[in-house]
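Q: Need a 3D model of the sequence below.
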Amino acid sequence: MNILFLKNQISQLMKKPFLAGSLLMLFGVNIYNFGQMIFHLIVGRLLGLGGYADVAVIASILGIVIIIQQAFGLTIVKFVSSGKDNKSIINFTRWVFWWSLWLGAFLSVAFLVFSPLIINFLHINQPNAVFILSPIVILLVFFNTAKSVFQGLLRFGSYIAIHLVEGVTKLLLSVAFIFLGWEVFGVMVAIVIAVFCACVLTYGLLIKYIVGKRDKSPDIVPLIKYSIPVFFLSVAMTAMYSTDIILVKHFFDADAAGLYAALAKLGSIAFFGAAPIASVMFPLISQKHSKGESYNNAFYLSFLLVLAISSSVVIFYKLFPSLVIEFLFGSQFVGGSDILWWFGIYMLLLGLAVLLSQFYLSIGKTKITFLFGAAALLQAILIWLIHPTILSVIQDSIFSATLLVGALLVYFPYHKR
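A: This is a model prediction of the structure:
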């Protein structure tokens with residue numbers, strides 16, 4: 001009888017969108033994140049410190065695309081999840097894909113033009129690898145637009161599927177191309193092909209939202225008003241987990257930059273391991289808020305889950321740093337074992353800051369997100385001025401993130417005003 005009661009209770013819990021969506025996203029996205037970690041540790045082992053530093057910094061450059069895309073992405077999620085009917089949602093998404101096509105083309109040309117400057121500033125050993133950023137960009141814009149549509153529609157299974165196709169293809173082809181002797185250039189070619197394959201799958205899954213006649217253009221005034229602060233948040237958020245890698249590559253030698261990049265990648269598990277919680281929370285709270293329903297419990301549960309998941313990673317890194325680094329990246333990276341847990345702390349704080357910011361955005365509170373910009377600027381200034389060691393660099397980031405989380409929490413009691 002007790003077993004039957006427990007089974008019924010679990011069944012009822014799984015019917016709730018937040019819990020079911022969170023479990024699906026945690027499972028699926030973290031499989032993808034695990035694959036990403038495998039990708040980085042294999043590439044790190046095969047290319048060594050110098051080669052991996054180039055891959056890591058080029059990946060950070062791609063964050064510029066994510067900056068712009070996340071601004072539109074969260075806007076897409078917000079408007080799709082709160083759409084009044086299916087017809088208006090379909091029309092909205094068709095216009096979104098049309099606009100993203102032009103945005104991708106513009107960014108692709110911009111990356112091609114600025115590639116020589118990127119190569120010189122970051123001391124890239126294989127310049128051809130940077131020029132491949134141009135075709136990657138236009139594909140990424142389409143891919144990220146589709147991710148936002150899936151998230152807004154609460155189609156988390158499709159969201160996970162396109163990630164897994166991209167991740168598996170990138171991993172397999174990167175290994176193959178490195179063994180062919182293409183090194184960093186081969187990794188970038190693998191990324192192009194992987195994103196293209198994911199875009200093909202996306203097209204099939206969203207064909208009715210992409211293909212067809214577009215009706216009257218949506219009112220873009222609300223979109224622009226909402227997108228500006230979200231764009232600012234996206235710039236700041238991406239900067240806070242990319243600026244340090246870029247500046248370390250500029251100020252330190254290749255080996256130190258490669259070591260920092262590897263530790264940062266391991267530390268990011270504390271951030272990305274809990275990131276699916278925010279992805280589920282945002283559209284659900286947006287939907288509840290638009291209907292005038294209570295949403296605080298969903299936020300409280302999200303906050304506790306992020307805190308628990310990220311804290312467990314930090315504790316593990318504090319107890320077994322050398323074991324983690326040597327197992328994943330190899331003995332040549334063990335020199336940074338004493339500071340691995342510092343990266344975990346930074347990513348835990350950053351994860352909480354992102355969750356709080358996305359909560360405010362989901363209920364239309366956009367001005368508070370400018371605090372993220374102030375924190376990102378402070379981080380960059382501190383790293384530029386204070387960087388005697390790589391530990392000091394991560395401590396600069398922790399200080400900035402601590403101030404940010406504190407400010408966002410102070411605002412919470414007043415968010416309904």
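
Q: quick one, what contacts Phe252?
A: Tyr260, His387, Ile390 (C-beta atoms under 8 Å, 6 or more residues apart in numbering). For every residue, glycine as well, the C-beta is placed using N, CA and C.

Q: pLDDT value on the last one, please?
A: You'll see Ile390 listed with a pLDDT of 82.

Q: How about the one 10 residues further on?
A: Ser400 is assigned a pLDDT of 93 by the prediction.

Q: Skipping its backbone neighbours, what lies nearest it in space?
A: Nearest residue to Ser400, sequence neighbours excluded (C-beta to C-beta, 6 or more residues apart in numbering): Gln379, at 3.9 Å.

Q: quick one: the helix or strand hosting that neighbour to chain centroid distance?
A: Using DSSP states H and E, Gln379 sits within helix 370-385. Relative to the chain's own centre, helix 370-385 is displaced by 19 Å; criterion: C-alpha atoms, centre = their mean, to the nearest Å.

Q: If we go by neighbour counts, what in whatever helix or strand comes next after it is buried?
A: Moving toward the C-terminus from helix 370-385, the next helix or strand (DSSP H and E) is helix 390-411. By neighbour count with 16 or more other C-beta atoms under 10 Å, helix 390-411 contains the buried residues 390, 393-401, 403-405, 407-408.

Q: Of those, which is the nearest to Gln287?
A: Using C-beta to C-beta, Leu408 is the member of these that lies nearest Gln287, at 22.4 Å.

Q: burial count for the closest residue to the closest one other than its chain neighbours?
A: Excluding the flanking residues, the one nearest Leu408 by C-beta to C-beta, 6+ apart is Leu356, at 4.1 Å. Leu356 is flanked by 27 other residues according to other C-beta atoms under 10 Å.

Q: now swap in His387 and tell me
A: 17.

Q: so it makes contact with His250?
A: No. Counting by C-beta atoms under 8 Å, His387 does not reach His250; the two are 9.7 Å apart.

Q: quick one: low-confidence parts of the stretch 201-350 of the chain?
A: 219-220, 223, 273, 328, 330, 332-333, 335-336 (pLDDT under 70).

Q: can you pull out the helices in it?
A: 207-210, 220-240, 243-251, 254-267, 269-272, 275-290, 296-319, 321-328, 340-362 (DSSP state H, counting those that start in this stretch).

Q: Nearest to Gly50, out of those?
A: Comparing the helices of the stretch 201-350 of the chain by their distance to Gly50 (C-beta to C-beta), the top pick is helix 254-267, with 4.1 Å.

Q: list the buried ones in that closest one?
A: Using 16+ other C-beta under 10 Å as the test for burial, helix 254-267 gives 254, 256-267.

Q: picking up where we left off before, closest one of the contacts of Phe252 to Val192?
A: Closest to Val192, out of all of these and judged by C-beta to C-beta, is Tyr260, at 26.3 Å.

Q: Per the annotation, how does this structure divide into domains?
A: 23-217, 219-417 (automatic domain parsing).

Q: Give me the residue at the spatial middle of this structure.
A: Phe272 (7.3 Å; C-alpha atoms, centre = their mean).

Q: Tell me the confidence at the nearest residue to that residue once chain neighbours are set aside?
A: Leaving aside its sequence neighbours, Phe272 sits nearest to Asn33 (C-beta to C-beta, 6+ apart; 4.9 Å). The model reports Asn33 with a pLDDT of 72.

Q: Show the model's pLDDT score for Gln69.
A: For Gln69, the model assigns a pLDDT of 65.

Q: Three-state assignment for Gly364, please.
A: Here Gly364 is coil, with the state taken from DSSP: H, G, I helix; E, B strand; the rest coil.

Q: For it, which non-adjacent residue is closest in space?
A: What sits nearest to Gly364 in space, not counting adjacent residues and going by C-beta to C-beta, 6+ apart, is His289, at 7.3 Å.

Q: Could you do Pro218 as well?
A: In space, and not counting its chain neighbours, Pro218 is closest to Phe92: 5.3 Å by C-beta to C-beta, 6+ apart.

Q: Quick check: phi and psi on that neighbour?
A: For Phe92, the backbone dihedrals (degrees, to the nearest 10) come out as phi -60, psi -50.

Q: Burial check on it, number of neighbours?
A: 21.

Q: and if you look at Phe303?
A: Neighbour count for Phe303, taken as other C-beta under 10 Å: 19.

Q: ok now do it, which residues does it touch?
A: Applying C-beta under 8 Å, 6+ apart, we find Phe303 in contact with Leu352, Leu355, Leu356.

Q: And the first one, how far from Tyr360?
A: Here the distance between Leu352 and Tyr360 works out to 13 Å (C-beta to C-beta, to the nearest Å).

Q: My guess is the residue nearest to Leu408 contacts Val410. True?
A: No. Using C-beta under 8 Å, Leu356 makes no contact with Val410, being 10.6 Å away.

Q: This completes my enquiry, with thanks.
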